[in-house]
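Build the 3D model from these lines:
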Amino acid sequence: MCKLFDDWSTEIKDYCIKNGLNFEKAKASSKCWGKNDLILQHYVSTGSKAGLLDETPMPIILMITKTAKGLVFKQTEHTKKYLS
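Next up, the predicted model:
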């Protein structure tokens, strides 16, 4: 699992509860990250055997950035669809 998600899980869970989002779905989502940011994505299986050659993008469902003031969350047009 992603270390940033583990480190920030309490804040992410609080955000999910306050915004009517399902923390368990967030926890199970695909993740990519950098030093101070974490992106949750929804994996869409196309049934293709081409793997990465299929090039089907995973929609971003939640972006989280760590700033000097704390975590900043940004929802996308896919957030409610995949995290509700």
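
distance between the strand or helix carrying Ile61 and the chain's centre?
Assigned by DSSP states H and E, Ile61 belongs to strand 60-67. On the basis of Cα atoms, centre = their mean, to the nearest Å, strand 60-67 sits 7 Å off its chain's mean C-alpha point.

And the strands in the chain, which stretches?
Applying DSSP state E to the chain gives strands spanning 30-33, 37-41, 60-67, 70-75.

what pairs with the longest one, and is each one parallel or antiparallel?
Strand 60-67 sits in its sheet next to strand 37-41 (antiparallel), strand 70-75 (antiparallel), going by DSSP bridges.

before we move on, the earlier item: give me the mean pLDDT for the strand holding Ile61.
Average pLDDT, strand 60-67: 97.

can you check stretch 40-55 too?
72.

residues of stretch 5-21 that come out buried?
Judged by neighbour count using 16 or more other Cβ atoms under 10 Å, the buried positions of stretch 5-21 are Phe5, Trp8, Ile12, Tyr15, Cys16, Leu21. The way it works is simple: take the backbone N, C-alpha and C, and place the C-beta from them, glycine included.

which residues sit against stretch 24-42?
2, 4-5, 8-9, 12, 16, 43, 58-67, 78, 82-83 (Cβ atoms under 8 Å, 6 or more residues apart in numbering).

how far does it sit from the chain's center?
3 Å.

ditto for stretch 22-34
For stretch 22-34, the distance to the chain centre is 4 Å (Cα atoms, centre = their mean).

can you offset everything so residue one is 49?
Done: numbering now begins at 49, and the last item shifts to stretch 70-82.

Keeping just the C-alphas, turn it into CSV.
Written as CSV, here are the backbone C-alpha positions of stretch 70-82 (Å, rounded to 0.1, in the frame of the first residue of the first chain):
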residue,chain,number,x,y,z
ASN,A,70,-16.7,6.2,1.2
PHE,A,71,-13.3,5.8,2.9
GLU,A,72,-13.1,2.1,2.2
LYS,A,73,-13.5,2.8,-1.5
ALA,A,74,-10.8,5.4,-1.3
LYS,A,75,-8.5,3.0,0.5
ALA,A,76,-9.0,0.3,-2.2
SER,A,77,-8.5,2.7,-5.1
SER,A,78,-5.4,2.8,-7.3
LYS,A,79,-2.9,5.4,-6.1
CYS,A,80,0.0,7.4,-7.6
TRP,A,81,2.1,9.8,-5.6
GLY,A,82,5.0,12.1,-5.3
